[in-house]
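# Sequence unavailable; structure follows:
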């Protein structure tokens, strides 16, 4: 009995994990079904655009600015070992546009938005407001989940685009003020090296990451436990699961976009 206890605990954990994946998959399928079928709550969707997109702009912008500056310093320091300091504009541009812009933007939005969505919906569940929606013949997936998925999926690529611009500008500021780069040459190298697909791939990643953030927030909010402790656990789980899925999805998308 003692020897089999760890194996049993491992098996139960694995079964619980697989059951959670199945529940998330069913929830995502249901959410997609409600996305493509009417009715649409345009006012609620517009409010979520404001809450998810506009109000996330400061944190995404500041993150991108400091990341671009730090990236320029690191690339310059590393390139100096091989007399390759001149590649700073090119590497900053491609690093921000392809990877750091969408990933850091997604993670920042996950920390802010997934937690807020899970807390809001979890509180509604605890206070039986979701049951009240059903009583009024309003499907919670239609009224709560669909607007948030639409808003996050469409607004995060816009945040990524703004973050890319600010991040590249941060690298430009540091490079020209601290590292001795010529302003015109830096901008010319950035424009010549950066391709349309570099930017487009980052925007597509942003859309996927936005969907993940809203999905995890809604899922954990809908499955929140009772009481303040249940809402707190749902909030934490939403942020953690959204962050992990963003990193996993980023690898898969990078493999699909650039493996050739």
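Cool, got the structure. Since the structure is predicted, the reported quantities are computational estimates derived from the model, not experimental observations.
# Residue 156 - how many residues pack around it?
Counted with other CB atoms under 10 Å, residues neighbouring residue 156 total 32. For glycine as for every other residue, the C-beta is placed from the backbone atoms N, C-alpha and C.
# Does the worst-scoring helix or strand of the chain on mean pLDDT pack against any helices or strands, and if so which?
Least confident element among the helices and strands of the chain, by mean pLDDT, DSSP states H and E: helix 4-35 (a mean of 84). Under the contact criterion of 3 or more CB pairs under 8 Å, 6 or more residues apart in numbering; DSSP states H and E, helix 4-35 touches helix 146-177, helix 196-222.
# For the first one, list every residue counted as buried.
I take that to be helix 146-177. Neighbour counts using 16 or more other CB atoms under 10 Å place 146-172, 174-176 of helix 146-177 among the buried residues.
# now the last one
Of the residues in helix 196-222, those buried by neighbour count under the rule 16+ other CB under 10 Å are 198-199, 201-222.
# Return the list of helices and strands in contact with it.
On a contact count with 3+ CB pairs under 8 Å, 6+ apart, helix 196-222 meets helix 4-35, helix 101-109, helix 115-126, helix 146-177, helix 227-258.
# any idea which of these is most buried?
Most buried of the helices and strands packed on helix 196-222, by mean neighbour count (mean count of other CB atoms under 10 Å): helix 101-109, with a mean of 26.
# and residue 67, how far is that from residue 166?
Residue 67 is 9 Å from residue 166, where distance means CB to CB, to the nearest Å.
# Show me what stretch 76-94 is in contact with.
Residues outside stretch 76-94 that contact it (CB atoms under 8 Å, 6 or more residues apart in numbering) are 68, 71-72, 75, 167-168, 171-172, 175, 179, 181, 186-187, 189-190, 193-194, 198.
# same thing but at 10 Å, please
Outside stretch 76-94, the residues that touch it by CB atoms under 10 Å, 6 or more residues apart in numbering are 67-69, 71-75, 100, 164, 167-168, 170-172, 174-175, 178-181, 185-195, 198-199, 202.
# Of the helices and strands packed on helix 4-35, which is nearest residue 13?
helix 196-222 (18.8 Å; CB to CB).
# Okay, angle between the closest one and helix 115-126 too, please.
30 degrees (axes from the mean of the first three to the mean of the last three CA atoms, to 10 degrees).
# Between helix 146-177 and helix 196-222, find me the angle.
When the same axes, to 10 degrees is applied, the directions of helix 196-222 and helix 146-177 differ by 130 degrees.
# And the residue nearest in space to the middle of the chain, how far from residue 173?
The residue lying closest to the centre of the chain (CA atoms, centre = their mean) is residue 106, at 2.4 Å. For residue 106, the distance to residue 173 equals 24 Å [CB to CB].
# show me the contacts for residue 181.
Applying CB under 10 Å, 6+ apart, the residues near residue 181 are 72, 76, 85, 86, 88, 89, 171, 172, 174, 175, 187, 189.
# One more pass at 8 Å, please.
88, 89, 175.
# Which of the residues you listed sits closest to residue 243?
When the contacts of residue 181 are ranked by distance to residue 243 (CB to CB), residue 88 comes first, at 29.1 Å.
# so the host helix or strand of the closest one versus helix 101-109, what angle?
Using DSSP states H and E, the element containing residue 88 is helix 88-95. Helix 88-95 and helix 101-109 meet at an angle of 60 degrees, taking the same axes, to 10 degrees as the criterion.
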